[in-house]
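Undergrad: the sequence isn't on hand, but the structure is:
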């Protein structure tokens, strides 16, 4: 028995300690851990205090803000965050819709169903142009024009008018305009195509604050509805577009427009017909007109003389005109616009000396001349601009027929010239610059001289030591 006891107490046969023995023997670390742990009271807690904290953590705290206050906060955020903000919840989606002022309609059903006004109740600028087009949504063919872009099917004919058969009927467009007028009484800007007189009359009666109107495929009868919009200040009329659709605006329509919209400040006529009488009526009735843009006009000869009656006209723009005026008449009948300050010519064909001479004669009071990508402007044509003695800014871009000699002959006679811009005029060479022209360049306030790619390269290499013959980089050994 004693032998068994000795064997049990032998260190070789000692039982290894378990995890529980180690845990209970090390009381000092346990005390440290226990005293550092937060102790919870065993007394029962108030049920109100238990429910307030977790419930408040799950509440949307923006619900405590009124709609007006939250709208002010959302309006201060950048425009790029508006779409992500509308995905937060339905309330933010509705509030974000109130901040939208301008919208381009692509789905006509969205307008007719009334969902447009529920989703965006405060619209002031609405573009219906693409919504009036019947184009396949799943087509991979995109027709792009400077006025409109649309998808089209593959079975089109090359000699057809693309938009003639792809427009909503006039009755449908008028019905949509009636819904728009009732839902957006504060409308300020409207873009529409293929509307009738009745549809525009509805807009004129309901939207008294309408100030800007862009009307495509319009005619003389449609302009009767525009004349009822007495507060219009900006109007763009697109009558005929080659290859897309055809329509006609004559002197009758221009006279109706002038007599009804006497507060016009800016007017753009694109593809419109007319003559001296129509331009004269606009000048006599629209006394506040400051900017007139004529694009691809179909006007009769002699219309330039009508600009004399636009006494307060400050800006005249001619865009994509195949001709200016073939028979402008005698100088004594032309007159000139005394308040005109800016003349812009872009993508026009300046091939008739009579037209160009008459144009500069009418615009002899201008202080700014901008000519961009115009065909036919050579030295003889540009010499007619010397009649404009008050020019302070001249910008030439894409005038490939004009030479340094022709440029110098005109601008040396302009005593008030301060700004000169010459870009992409390949026949204007730096080697032909005379000392007199160089002296003029030195006193200009602004000189942007890039007549060709070579001049651009030379100006970019100034100070680098490159571009010289020989040079330190290419020494012979």
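TA: All right, it came through fine. As the structure is a computational prediction, the values presented were derived from the model and not from experiment.
Undergrad: what about the residue nearest to residue 412 when sequence neighbours are not counted, how many residues close to it?
TA: Excluding its sequence neighbours, the residue lying closest to residue 412 (C-beta to C-beta, 6 or more residues apart in numbering) is residue 436, at 6.2 Å. C-beta: built from backbone N, CA, C; applies to glycine. By the criterion of other C-beta atoms under 10 Å, residue 436 has 10 neighbours.
Undergrad: report the buried residues of stretch 257-272.
TA: Residues of stretch 257-272 classed as buried by neighbour count (16 or more other C-beta atoms under 10 Å): 257-258, 260-261, 264-272.
Undergrad: can you pull the domain assignment for this structure?
TA: 65-99, 102-153+160-388, 389-463 (automatic domain parsing).
Undergrad: got JSON lines for these, with mean pLDDT too?
TA: Shown next, in JSON lines, are these (pLDDT from 0 to 100):
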{"stretch": "domain 65-99", "mean pLDDT": "70"}
{"stretch": "domain 102-153+160-388", "mean pLDDT": "91"}
{"stretch": "domain 389-463", "mean pLDDT": "87"}
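Undergrad: gap between stretch 374-389 and the chain center?
TA: 31 Å (C-alpha atoms, centre = their mean, to the nearest Å).
Undergrad: select the longest helix from this structure.
TA: The single longest helix within the chain, with elements called by DSSP state H, is helix 170-183.
Undergrad: re earlier: the buried residues of stretch 257-272 in helices, which ones?
TA: Among these, DSSP H puts 257, 258, 260 in helices.
Undergrad: now the helices for the stretch 101-250 of the chain?
TA: 108-112, 115-119, 170-183, 197-206, 222-226 (DSSP state H, counting those that start in this stretch).
Undergrad: closest one to residue 421 among these?
TA: helix 222-226 (37.6 Å; C-beta to C-beta).
Undergrad: in stretch 278-297, what's buried?
TA: 278-283, 285-286, 289-297.
Undergrad: hmm, back to that, among the helices of the stretch 101-250 of the chain, which is the most enclosed?
TA: Comparing the helices of the stretch 101-250 of the chain by mean neighbour count (mean count of other C-beta atoms under 10 Å), helix 222-226 ranks first with a mean of 24.
Undergrad: and that helix, what does it pack against?
TA: Counting contacts by 3 or more C-beta pairs under 8 Å, 6 or more residues apart in numbering; DSSP states H and E, helix 222-226 is packed against helix 197-206, strand 212-216, helix 251-260.
Undergrad: and for the helix or strand containing residue 394, what are the contacting residues?
TA: Secondary structure from DSSP states H and E places residue 394 in strand 393-397. Strand 393-397 has contacts (C-beta atoms under 8 Å, 6 or more residues apart in numbering) with 367-373, 402, 407, 411, 414, 417-425.
Undergrad: strand partners (parallel or antiparallel) of that strand?
TA: strand 368-372 (parallel), strand 419-423 (parallel) (DSSP bridges).
Undergrad: next SSE after that strand?
TA: helix 404-411.
Undergrad: so that following helix versus strand 419-423, what angle?
TA: 160 degrees (axes from the mean of the first three to the mean of the last three C-alpha atoms, to 10 degrees).
Undergrad: other residues contacting helix 404-411?
TA: Residues from elsewhere that reach helix 404-411 (C-beta under 8 Å, 6+ apart): 378-380, 382-383, 385-386, 394, 396, 417, 420, 422, 427-429, 432-434, 436-437, 440.
Undergrad: buried subset of those, written for PyMOL?
TA: Of the contacts of helix 404-411, the buried ones go into a single PyMOL selection, burial set by 16+ other C-beta under 10 Å:
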select buried, resi 378+379+382+383+385+386+394+396+417+420+422+427+428+433+437+440
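Undergrad: which ones among the contacts of helix 404-411 are found in helices?
TA: Among the contacts of helix 404-411, the members falling in helices (DSSP H) are 379, 380, 382, 436, 437, 440.
Undergrad: return the most buried member of the strands paired with strand 393-397.
TA: Among the strands paired with strand 393-397, highest average neighbours (mean count of other C-beta under 10 Å) belong to strand 368-372, with a mean of 19.
Undergrad: contacts for that strand?
TA: Against strand 368-372 from outside (C-beta under 8 Å, 6+ apart): 341-347, 377, 385, 388, 391-399.
Undergrad: repeat that for stretch 375-385.
TA: 348-351, 353, 356-357, 360-361, 369, 371, 391, 399, 401-403, 405-407, 409-410.
Undergrad: what about 7 Å?
TA: 349-351, 353, 356-357, 360, 369, 371, 399, 401-403, 405-406, 409-410 (C-beta atoms under 7 Å, 6 or more residues apart in numbering).
Undergrad: buried residues in stretch 120-130?
TA: Applying 16+ other C-beta under 10 Å to stretch 120-130 flags 120, 123, 124, 125, 126, 127, 128, 129, 130 as buried.
Undergrad: and what of stretch 72-85?
TA: Buried residues in stretch 72-85, counted by 16+ other C-beta under 10 Å: residue 74.
Undergrad: cool, and stretch 327-334?
TA: 328, 334.
Undergrad: what's the span of it from first residue to last?
TA: 11 Å (C-alpha to C-alpha, to the nearest Å).
Undergrad: is it true that residue 280 touches residue 309?
TA: Yes: counting by C-beta atoms under 7 Å, residue 280 does reach residue 309; the two are 4.9 Å apart.
Undergrad: may I see the ChimeraX selection of the buried members of the contacts of strand 368-372?
TA: Of the contacts of strand 368-372, the buried ones go into a single ChimeraX selection, burial set by 16+ other C-beta under 10 Å:
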select :341,342,343,344,345,346,347,377,385,388,391,393,394,395,396,397,398,399
